[in-house]
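1. Provided below are the primary sequence and the corresponding predicted coordinates.
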Amino acid sequence: MNLTSDEVKNIAQLARLAFTPSEVPVYAQSLSKIITMVEQLHAADVTQVEPMAHPLAAQVQRLRADEVEDSGPRDKYQANAACVAAGLYLVPKVID
């Protein structure tokens, strides 16, 4: 699939990218190659491939115990804050 310059400009606008006029053909060619490669991947027959939950299925993943812990000395961290009340950082109102 070959993308036109207008399609690349539209994609750039949606992605909030700014391309110079000389860059548009380069990106059109690169994006066209990417889309062609994805189309080739879609054409591959994967009906016999079993989905994997983990790439190392025979191994067990060690996890730590899910326990509540103290996150640290909050009073020490809040000593540097400009304004604190009831353990919360107070910031100026931004939106009316």
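-> Right, received. Where do you want to start?

2. Please count neighbours and contacts with C-alpha atoms only from this point.
-> Noted.

3. Find the centremost residue of this structure, please.
-> In the chain, the C-alpha nearest the mean C-alpha coordinate belongs to residue 15, at 13.7 Å (C-alpha atoms, centre = their mean).

4. just the helices in this structure please.
-> For the chain, the helices defined by DSSP state H cover 5-14, 24-43, 74-78.

5. Can you lay out those helices as CSV showing distance to residue 49 and mean pLDDT?
-> Output for the helices of the chain, formatted as CSV (distance: least, C-alpha to C-alpha, whole Å; pLDDT from 0 to 100):
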stretch, distance to residue 49, mean pLDDT
helix 5-14, 34, 92
helix 24-43, 14, 93
helix 74-78, 51, 87
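
6. With distance to residue 93 and mean neighbour count as added columns, please give the ones you listed in TSV.
-> Compiled in TSV, these are given as follows (distance: least, C-alpha to C-alpha, whole Å; neighbours: other C-alpha atoms under 10 Å):
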stretch	distance to residue 93	mean neighbour count
helix 5-14	32	14
helix 24-43	43	14
helix 74-78	19	11
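
7. any idea of the pLDDT on residue 87?
-> As predicted, residue 87 sits at a pLDDT of 86.

8. re the thing from before, looking at the helices of the chain, which is nearest to residue 54?
-> Within the helices of the chain, the stretch nearest residue 54 is helix 24-43; the backing value is 21.5 Å (C-alpha to C-alpha).
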